[in-house]
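Asker: Sequence plus predicted model, see below.
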Amino acid sequence: MTQADEEGYDVVVIGAGPTGENVAAGTARAGLSTALVESELVGGECSYWACVPSKAMLRPAAALAEARGVRGARRAAGGDLDPDAVLARRDSFVSGWDDRGQADWVRSAGIDLVRGHGRLAGERRVEVLRGGDGPRTLTARHAVVLCTGSAAAVPDVEGLRGVRPWTAREGTSAGTPPRRLAVLGGGPVACEAATAWSSLGSEVTMLVRGTGLLSAMEPFAGRAVEEALRADGVRVRTGTAVRRVARDAATGFVTTELDDGSRLETEEFLVAAGRLPRTGALGLDSVGLDPGTWLEVDDTCLVTGVPGGWLYAAGDLNHRALLTHMGKYQARACAAAVVRRAEGREAGPEPWTGWTATADRAAVPQVVFTRPEVASVGLTERRAREEGLPVRAVDCAVGDVAGAALRRDDYRGRARMVVDTEREVVVGCTLVGPDVGELLHAATIAVVGEVPLGRLRHAVPAFPTVGELWLRLLEEYGT
Ligand SMILES: Cc1cc2nc3c(=O)[nH]c(=O)nc-3n(C[C@H](O)[C@H](O)[C@H](O)COP(=O)(O)OP(=O)(O)OC[C@H]3O[C@@H](n4cnc5c(N)ncnc54)[C@H](O)[C@@H]3O)c2cc1C
Ligand SMILES: NC(=O)c1ccc[n+]([C@@H]2O[C@H](COP(=O)([O-])OP(=O)(O)OC[C@H]3O[C@@H](n4cnc5c(N)ncnc54)[C@H](O)[C@@H]3O)[C@@H](O)[C@H]2O)c1
């Protein structure tokens with residue numbers, strides 16, 4: 001291929017998940033010519049095999065539980081979930097795994113969509129492999145932005161790969177609930193999958209190597225989710241390791257042998273043991289980086305260790321916060337940095353600017369859509385202490401708040417606010433209870449805004465809403 005065959009753009013983005021789409025939209029909106037390279041479906045993991053289908057699968061059981069928790073409505077909500085209808089509704093949210101709608105949106109945003117596998121081919125050059133068609137080479141005047149996301153990690157357990165385990169992909173796209181399902185892991189993917197599939201009739205056994213679920217969060221969150229899963233009939237086996245796994249050729253069943261010698265037989269085995277970066281076949285070696293590693297970036301998402309200031313990485317693959325909303329936040333910062341630098345303006349690392357993803361380090365909000373939901377932002381009490389902050393944690397029972405009791409007769413929940421006692425600001429908050437995800441943004445604003453507690457007491461929650469939990473927390477702290 002000669003130089004003349006190369007197509008020049010201002011910006012080339014590889015990976016059209018939520019992060020890549022938002023980077024490309026930001027640079028195109030600013031008038032920079034932008035190519036967006038995608039090898040599978042435009043919209044990425046989030047739209048087709050992660051956030052969207054999993055939440056679509058979880059919502060019907062949550063709606064039913066809500067109605068059943070209210071006397072007067074309970075009898076009307078006495079029927080069973082309809083698994084076929086639940087899965088059909090999920091399928092409509094993923095458009096039957098057809099990305100034409102999102103691809104049309106990309107084009108309408110003035111972005112050139114290039115289908116194929118993108119990989120770096122030296123400085124500012126991206127080669128796109130396109131199956132039967134010949135490769136295309138794209139060059140970038142200002143920036144190449146890598147947004148290729150992550151894929152499920154499959155641990156090195158004897159026999160595991162051979163049983164063709166489900167990963168989150170199958171766990172969010174399977175068409176029929178397996179009668180019995182083993183789930184390896186105790187993080188958000190495992191907890192949400194166990195909640196969803198058990199609500200659809202699967203007999204679920206969770207295999208957790210740690211002492212509890214959701215171990216990155218406040219301990220009471222994992223305990224509440226575990227208790228609820230058990231009450232729903234899920235078997236939660238903590239402190240366990242899988243010795244080997246095998247699928248019987250005749251029955252098709254998977255036998256799992258645990259370290260205590262016990263065995264488990266299931267139709268399917270879901271691996272939810274974390275993620276790996278999709279950087280293995282990305283040509284990183286052509287620019288002096290190690291293939292298959294997470295990419296280290298600064299707060300503008302510029303990859304460290306690559307001279308010339310042209311290579312960026314945003315979203316899951318920089319391992320800062322593996323969440324869609326944080327990938328999109330990084331995308332906005334990254335696009336702004338690229339645009340400023342293209343215009344010859346400074347885009348320094350100072351915090352809280354439009355081109356720095358400062359919240360990655362200070363205030364990452366997350367909602368785990370189990371029943372009860374778990375919502376958190378900022379630091380847990382333990383993390384805050386590990387970071388040497390002088391903190392005090394105060395708790396309240398959310399069910400005691402009038403708005404919660406009115407909302408559901410069976411409302412049970414707990415909230416924790418972690419306060420930096422020197423600055424008297426909230427550095428972390430965790431909420432557990434039905435629908436608490438909708439309450440999280442107030443906490444995020446308190447943490448990001450570093451609102452002094454003395455001022456926070458003037459933020460009056462409306463009566464009778466669940467948001468009155470803030471009054472209880474502030475009273476408990478003694479402001
Ligand atoms: C089951 C599950 C549920 C989740 N639920 C939530 C949730 O409720 N909320 C939340 O915030 N987060 C959730 N997450 C996390 C969320 O899915 C990710 O953080 C998010 O998808 C990351 O976005 P991304 O754009 O960085 O990567 P991705 O969404 O993974 O997109 C990357 C894109 O790059 C493409 N690509 C990869 N390599 C190449 C290449 N060489 N050339 C061209 N294209 C390439 C891929 O095909 C893909 O389309 C969940 C994750 C899982 C597994
Ligand atoms: N609602 C949400 O926000 C949501 C939902 C799902 C996923 N996600 C994000 O997606 C990412 C992936 O989630 P995840 O739950 O897969 O990862 P995770 O890293 O949060 O949890 C992985 C779990 O697997 C276990 N594990 C790891 N290796 C193991 C091994 N060899 N043997 C046994 N157990 C092992 C860990 O102990 C842990 O319990 C996370 O960053 C998560 O935040 C978010």
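Answerer: Received the coordinates, thanks. Ligands and ions are numbered 1, 2, ... in the order given.
Asker: How about the stretch 101-250 of the chain: which residue is closest to ligand 2?
Answerer: Nearest residue of the stretch 101-250 of the chain to ligand 2 (CB to the nearest ligand atom) works out as residue 187 at 2.3 Å. Just so you know, the C-beta spots here come from the backbone N, C-alpha and C atoms, and that holds for glycine as well.
Asker: Pretty sure residue 214 is one of the things that residue touches, is it not?
Answerer: Yes. Applying CB atoms under 8 Å, one finds residue 187 in contact with residue 214, separated by 6.8 Å.
Asker: and the closest residue to ligand 1 within the stretch 101-250 of the chain, what is it in contact with?
Answerer: Among the residues of the stretch 101-250 of the chain, residue 149 lies closest to ligand 1, at 2.2 Å counting by CB to the nearest ligand atom. Neighbouring residues of residue 149 by CB atoms under 8 Å, 6 or more residues apart in numbering: 15, 17, 19, 44, 45, 278, 315, 316, 317.
Asker: Any chance of a PyMOL selection covering the buried ones in those residues?
Answerer: Command for PyMOL that selects the buried part of these, burial taken from 16 or more other CB atoms under 10 Å:
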select buried, resi 15+17+19+44+45+278+315+316+317
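Asker: could I get the contacts of residue 149 as JSON lines with secondary structure, pLDDT and distance to ligand 1?
Answerer: Below are the contacts of residue 149 laid out as JSON lines (DSSP: H, G, I helix; E, B strand; the rest coil; pLDDT from 0 to 100; distance: CB to the nearest ligand atom, whole Å):
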{"residue": "15", "secondary structure": "coil", "pLDDT": "98", "distance to ligand 1": "3"}
{"residue": "17", "secondary structure": "coil", "pLDDT": "98", "distance to ligand 1": "2"}
{"residue": "19", "secondary structure": "helix", "pLDDT": "98", "distance to ligand 1": "3"}
{"residue": "44", "secondary structure": "helix", "pLDDT": "98", "distance to ligand 1": "3"}
{"residue": "45", "secondary structure": "helix", "pLDDT": "98", "distance to ligand 1": "3"}
{"residue": "278", "secondary structure": "coil", "pLDDT": "98", "distance to ligand 1": "5"}
{"residue": "315", "secondary structure": "coil", "pLDDT": "98", "distance to ligand 1": "2"}
{"residue": "316", "secondary structure": "helix", "pLDDT": "98", "distance to ligand 1": "4"}
{"residue": "317", "secondary structure": "helix", "pLDDT": "98", "distance to ligand 1": "6"}
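Asker: From the contacts of residue 149, pick the one nearest ligand 2.
Answerer: Among the contacts of residue 149, residue 316 lies closest to ligand 2 (CB to the nearest ligand atom), at 7.9 Å.
Asker: Can you pull the domain assignment for this protein?
Answerer: As recorded under automatic domain parsing, the domains making up the chain are 3-43+99-151+276-359, 161-273, 372-477.
Asker: Turn those domains into JSON lines, columns for distance to residue 62.
Answerer: Listed next are those as JSON lines, based on distance: least, CB to CB, whole Å:
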{"stretch": "domain 3-43+99-151+276-359", "distance to residue 62": "19"}
{"stretch": "domain 161-273", "distance to residue 62": "9"}
{"stretch": "domain 372-477", "distance to residue 62": "8"}
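Asker: Please name whichever of those is nearest to residue 87.
Answerer: Nearest to residue 87 among the domains of the chain is domain 161-273; the distance by CB to CB comes to 6.4 Å.
Asker: hmm, that closest one touching ligand 1?
Answerer: Yes. Residues of domain 161-273 are located near ligand 1 by CB under 6 Å from any ligand atom, namely 168, 172, 189.
Asker: and what of stretch 424-443?
Answerer: No. Using CB under 6 Å from any ligand atom, stretch 424-443 stays clear of ligand 1, with a minimum separation of 9.4 Å.
Asker: in what helix or strand does residue 53 lie?
Answerer: Element membership for residue 53 (DSSP states H and E) is helix 51-68.
Asker: Report the buried residues of that helix.
Answerer: By neighbour count on 16+ other CB under 10 Å, the buried set for helix 51-68 is 51-62, 64-66, 68.
Asker: on that earlier part again, restrict the residues of domain 161-273 next to ligand 1 to those that also contact ligand 2, please.
Answerer: residue 189.
Asker: tell me which of the residues of domain 161-273 next to ligand 1 is nearest to residue 86?
Answerer: Among these, residue 172 lies closest to residue 86 (CB to CB), at 12.4 Å.
Asker: now the closest one, nearest residue through space, not along the chain?
Answerer: Using CB to CB, 6 or more residues apart in numbering and skipping the chain neighbours, the partner closest in space to residue 172 is residue 53 (4.1 Å).
Asker: ok, now which ones touch the one you found?
Answerer: 90, 93, 94, 172, 173.
Asker: Need the buried ones from the residues you listed selected in PyMOL.
Answerer: The following PyMOL line selects those of the contacts of residue 53 that are buried, judged by 16+ other CB under 10 Å:
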select buried, resi 90+94+172+173
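Asker: Select from the contacts of residue 53 every entry located in helices.
Answerer: Among the contacts of residue 53, the ones falling in helices (DSSP state H) are 90, 93, 172, 173.
Asker: My guess is the third one contacts residue 55. True?
Answerer: No. Here residue 172 does not reach residue 55: they are 9.6 Å apart, not a contact under CB under 8 Å.
Asker: Is any residue of the top strand by length along the chain near ligand 1?
Answerer: In terms of residue count, the longest strand belonging to the chain (DSSP state E) is strand 133-146. No. Strand 133-146 stays clear of ligand 1 (CB under 6 Å from any ligand atom), getting no nearer than 8.5 Å.
Asker: Could you identify the helix or strand that succeeds that strand?
Answerer: With elements assigned by DSSP H and E, the helix or strand that comes after strand 133-146 is strand 150-152.
Asker: Near ligand 2, which residues of the chain? Just list them.
Answerer: So far as CB under 6 Å from any ligand atom goes, the chain lies against ligand 2 at 155, 184-190, 192, 209-210, 272-275, 322-323, 366-369.
Asker: Can you select the buried ones among these for me in ChimeraX?
Answerer: Only the buried entries of those go into this ChimeraX selection, using 16+ other CB under 10 Å:
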select :184,185,186,187,188,189,190,192,209,272,273,275,322,323,366,367,368,369
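Asker: Work out for me the element the residue nearest to residue 280 when sequence neighbours are not counted sits within.
Answerer: The shortest distance from residue 280 to any non-neighbouring residue, by CB to CB, 6+ apart, is to residue 292 (4.4 Å). Residue 292 is part of no helix or strand, with elements assigned from DSSP H and E.
Asker: how many other residues sit next to residue 292?
Answerer: Residue 292 has 13 neighbouring residues, counting by other CB atoms under 10 Å.
Asker: how close does it sit to ligand 1?
Answerer: As defined by CB to the nearest ligand atom, to the nearest Å, residue 292 lies at a distance of 12 Å from ligand 1.
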